[in-house]
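Engineer: 3D, please:
(2 chains)
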Amino acid sequence: MNVWWIMRRELGRYLRQPAGYIILALFLTMAGILFNTWAVGAGEKQRLSSEVLESFFYFTSGLVITASVFNAMRLIAEEKERGTLVLLNTSPVQDWQLVLGKYLGALVFLLVMLACTAYLPALVMMHGKISIGHIVAGYSGLLLIGSATIAIGLACSAAASSQLIAAFTSAGVIVLFLTFWLLAKAANPPVEDVLAYLSLHHKHFQPFTRGVVNTRDIIFYITLTYLGLMVAARILETRRWRA
Amino acid sequence: MHRIPLFAFVAGLVAIYLAERAFEGTVALAMLVVGVLAFLTSLGVSIVRLVQAPAESRAVHRHILVCQAGCALALAMYAATREPFSLFAPGSAPHTIVTVAWPGLLLLCVLPAIAMEAALLSMRQSPKIESFRIRLAFRAALTVSLGVVGFAGLNYAASEWNRTFDVSYFKTTKAGSATQALLENLTNPVHFVLFFPPSNEVLEQARAYVEPLTHHSPLVTMEIVDHALVPDLAKDMKVRNNGFLVIHANERNESIRLGLEVDKARSALRTLDSQVHTKLLELLRPPRVAYLTVGHAERDWVSASDDHRALIKLFKQELELLGFSVKRLGLGEGLGAKVPDDATVVIAVGPLEPFSAAEQRSLVDYASQGGRLLVLFDPLYGQPPAPWMSHFGLRFDADLIADDRFILRIPGTRESVYNIASANTMTHPSVRTLAALGRREAVAFGGTGSFETLPHPKDELQVRVVLRSMSNSWKDTEKNGRLDADEKRHTWNLVVAVEGQVKAASGDEIPTNTIVPQDATTNTAEDSATRWEEDAAEPGTANTFRGVFVGDAEVISDARAFRGNRIFVHDVLRWLAGDEEAGGEVESEKDLPIVHRKEEDAVWFYGSSFIIPAFILGLGLSVSRRRRRARRK
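Structural biologist: All right, here's what the predicted structure looks like:
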C-alpha cells in the first residue's frame, strides 16, 4: 500500500504540475522533428516503411534514455536537497517501498510519454507495410530500456547529495553501459563477450527496433532494473551505518 | 594507518588484474609481484588486527579476514586454471567448474570486504567500534554481490536458452517454410559460416537468421569466424573479407555478401531467406533447366510490340529463385526434333498459335520419357485448340469462367466478371502450401477457361483437379458477361495435375489440329479422331510423367503478382521438379516506400512536430489550472 501511495504522489508531481506537461510537449516536439528529418528523411530518397519504423524506435530510445535520466535524477536527490528525506527516514516506509514507489511513478510517466508518441508509427502503418507486432515490440523495447535507465538513475540519485551530481553520475554510468560495445572490440575473450553482452543499447535494444523479441534481451533489462533498484535500496540503507 | 588495509587490498587486486590482462612480459611479472605483496600485506594487517582487537570487536575483524581469505581462495582457483599452475586439463569438467566458480567467489568476498573496511574506516575516530554498522555494511554489500552474481548467472542462462520471436511484417530473421522444409529433409551435412568481426551489428542480424536453422536438422551446423584469424578457411571458401555468409554442402561452397555496415546490408538482409533458399537449392539439387516454348506467340518476359498481354518477368525471377536456369525452346532450338535432354521442365505460357505436328510429337515423347510439363492457356486472347491435350486425358474448354461475387478489382483496369479469384484447392502435392493456407489465400485469374477430364487408363495416368472455381461461378458460353438462363452456377476445373505413364508418339502420322468437340461422357478411345496412335512397339518408353495444366496464363503474369499466385507458382514448380517435400514460402515480399511530396512535407512536419505537442501542452495546462481553481475554492 505504501508503494501505491508513493507512486501516486510521484505521478501527481508530473501530471498535476505544468512542468510535467512541458516536459511531455518537449519530448513530443523532439520526437516529431527527429521523425520527419531523420526517420522519414524529408526531401531525400524515400525510405521503406520498415526502415522508417526502425529509425523511429532507434532515435526515440535516445530520447527515452535522456528523459529517464532527467526524471530519475530528482527522485531521491531532491528529497535530500529539500530535507524531506529525514521525514521519510522516520516514517514507517521501508527503503525498498520508497525505491519501488518512486521507480513506478517515473515508469508510469514514461509510459504516458511513449503512449503520446503512438501517432507517429500509426502514420507509418497507414502508408506502409508494418505489423502491429512490430510496433508493440518496439515500444516494449523502449519501455524496457527506459525502465533500466530509471533504475540506474535512481541508484545514482540515492548515492548523490544533489540533483546535479545525480544527473552527471547517472549520465556517466549510462554512457559507460552504452559504450561497452566499443570497449568489447578492443578487448579479448572472455572479457570481450562480457562487455558486449553488457552493452545497454547495441546488443539488446536493436532487435526490438526490427520487431524481433529475444527472451535474453527481456531478461537482461529486467535483471538490470532489479539490480539498479536493489543497489538504490542498499544505498539508502547505508544511511544507518555511516557515521 | 587505518587506510592501509583497504588500499592495499584494493590496490593488490587491481595490480593482479592489470598484470593478467593489460601487460606482458617483465612489466606484467612485476605488477603481479606487487599485487600479490599488497594483497598479502592487507591479509597480514587483518590478522594482526584480529589478534589485537578487543573481544567485542573480534567478530568484525574475523568477518573481514574471512572475506579476504575468500578472495585469496578465488585467486588461487584462478591460478589453478592457468599455466604454469594449472591443475586440470583444459575443457574438463573440474576445469569448467573452477573457471565459473572463482569470479563468483571473488565478487561475493570483495564487495563485503571493501564495505566492511570502509565502514571501519569511518569509525576510526570513534572510541568503540559499532559492530552493528559493520554487519549492516556487510549485509548490504553481500546482497549487492549476490545480486550481481545472480544477474550474471540468469543472463548466461538466458543467452544459452534464448528464444526469438520475429513479429515484424517481413520476418527477415526467420527462415521461410520452404527453407525450413529443405533443411528438414537433408541427407548430407550443411555448414553455415559467418565471416564477421566480433560485436558487429550485421552479424547479430545474420546470426539471428542462421542460428535457428541449426534446430531443423542435426546435419545443419553454424560457425562464426573472423576472416583475419582463419586465413586457410577463408582461402578454401574463397572469401577475401569479412561480411560474408558461406554455405558449404556436398563439397561445394556458395557465398552471400552481406557487408559490415547495417545501412548498406539492409537490402541483402531483407532478401536473405530467398538468397539462402536459392543457394541451398544450387548446392543440394542437381542443376535445373526450365525451357519456355517460343514461336507460337507465347507470353514472354521481354515485351513485344504486337503483344499487349502482361509480361512474365516475375515468373522468370521466381524460376531463378527456385534454382532453375531459364532458356527458350522453339523450332530454332530443336523443339521439332526433341526436347533437350537437360530439360527439367518445359513450360508453354499462353501460346496463341498451334504447335506444329513435329513439336507436338516432341512434347509428347518428352512426356513419355518422364518429362515435366506446365501448360497455361490464354482463352481471353484467342486460345487456339489444343487437341494434343487428350494425350493427357484432358480437353480444354476456352469458354471463359465468370463470377459476380469472388471477383478482383484491379486498380487501373475496368471491372470484369472474368477477373475471378479462387481458394477452392484440393489436397494434392502440387498445391500443398496453398491448400494448407485454406481460404486465407486465393489464386487470381484474368480470364480463364476450364478443363474436362477424358476417359483414360486409370492405372497408367492419374488426372487430378487441384483447383476449382468457387461455387458461384458460371461458364459464359454466350460471351456476354451475364448469367443467362441456360448457364448454370457451378464449380469448374481451372487447374489439373496429371501424373503417370504417357504413351510415346507414333512415327509417321501427323494429326490435324482441328477442333473435335468431345463429350466427356461419351468419349472413348475409338471415337476420338485426334488420339495419337498407340505405339505398341516401345513398351519401355513409359516413365512417370508430371504435368500441370492451367486454364489462364494470366495467373503467372506480372499483372497477378499476388501472394496467393506466388505461392501457387512455387508449389507447382516444386512438384514438377520433384521437390514437393520442400514446399512452403520463401520470405521475400517487398516493402513499400513512404511516399511524400514537398507540399505534404510541410503538413507532416508542422503537424507531427508542433501542433500535436502544442495540443498536449494546452490540454495539460488547462487540466492543472482547473485543479488549482478547485483547490482554491
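Engineer: if I pick the nearest residue to B:N419 once chain neighbours are set aside, what's in contact with it?
Structural biologist: Nearest residue to B:N419 in three dimensions, chain neighbours excluded: B:L408, at 4.4 Å (Cβ to Cβ, 6 or more residues apart in numbering or on different chains). No exception for glycine: its C-beta is placed from N, CA and C like everyone else's. Counting by Cβ atoms under 8 Å, 6 or more residues apart in numbering or on different chains, B:L408 touches B:419-421, B:444.
Engineer: May I see those arranged in a markdown table, with neighbour count, pLDDT and secondary structure as well?
Structural biologist: Shown next, in a markdown table, are the contacts of B:L408 (neighbours: other Cβ atoms under 10 Å in any protein chain shown; pLDDT from 0 to 100; DSSP: H, G, I helix; E, B strand; the rest coil):
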| residue | neighbour count | pLDDT | secondary structure |
| --- | --- | --- | --- |
| B:N419 | 23 | 90 | coil |
| B:I420 | 29 | 90 | strand |
| B:A421 | 21 | 90 | strand |
| B:A444 | 23 | 91 | strand |
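Engineer: So which of those residues is the closest to chain A?
Structural biologist: B:A444 (19.0 Å; Cβ to the nearest Cβ).
Engineer: Pop out the phi and psi values for the most centrally placed residue in chain A.
Structural biologist: Per Cα atoms, centre = their mean, the C-alpha nearest to the average position across chain A is that of A:G146, at 1.9 Å. In terms of degrees, to the nearest 10, the main-chain angles of A:G146 are phi -70, psi -40.
Engineer: ok, it touching A:S68?
Structural biologist: Yes: between A:G146 and A:S68 there is a contact under Cβ atoms under 8 Å: 4.9 Å.
Engineer: Enumerate every residue touching B:E353.
Structural biologist: By Cβ under 8 Å, 6+ apart, B:E353 lies in contact with B:295-297, B:384.
Engineer: what kind of secondary structure is it in?
Structural biologist: coil (DSSP: H, G, I helix; E, B strand; the rest coil).
Engineer: Tell me, how many residues neighbour residue 130?
Structural biologist: Unless you meant another one, I'm taking chain A. Using other Cβ atoms under 10 Å in any protein chain shown, A:I130 has 25 neighbouring residues.
Engineer: please go with chain B instead
Structural biologist: B:E130 has 16 nearby residues by other Cβ under 10 Å.
Engineer: And for it, nearest residue in space, chain neighbours not counted?
Structural biologist: B:M123 (6.5 Å).
Engineer: Can you report how many residues neighbour the one you found?
Structural biologist: By other Cβ under 10 Å, the residues close to B:M123 number 20.
Engineer: now swap in B:L283 and tell me
Structural biologist: 18.
Engineer: what residues are up against it?
Structural biologist: Residues near B:L283 by Cβ under 8 Å, 6+ apart: B:190, B:247, B:249-250, B:252, B:254.
Engineer: So what's the gap between the longest helix anywhere in chain A and the chain middle?
Structural biologist: Counting by DSSP state H, the longest helix found in chain A is helix A:49-82. The chain centre lies 5 Å from the centre of helix A:49-82; the measure is Cα atoms, centre = their mean, to the nearest Å.
Engineer: hmm, which of the contacts of B:L283 are the buried ones?
Structural biologist: Buried subset of the contacts of B:L283 (neighbour count, 16 or more other Cβ atoms under 10 Å in any protein chain shown): B:190, B:247, B:249, B:254.
Engineer: Out of the residues you listed, which sit inside strands?
Structural biologist: Among the buried ones among the contacts of B:L283, the members falling in strands (DSSP state E) are B:190, B:247, B:249, B:254.
Engineer: so B:P455, which of the three states?
Structural biologist: coil.
Engineer: what number of residues lie near it?
Structural biologist: Neighbours of B:P455 under the rule other Cβ under 10 Å: 15.
Engineer: With B:V603 instead?
Structural biologist: 12.
Engineer: Can you tell me how far it is from B:I611?
Structural biologist: 10 Å (Cβ to Cβ, to the nearest Å).
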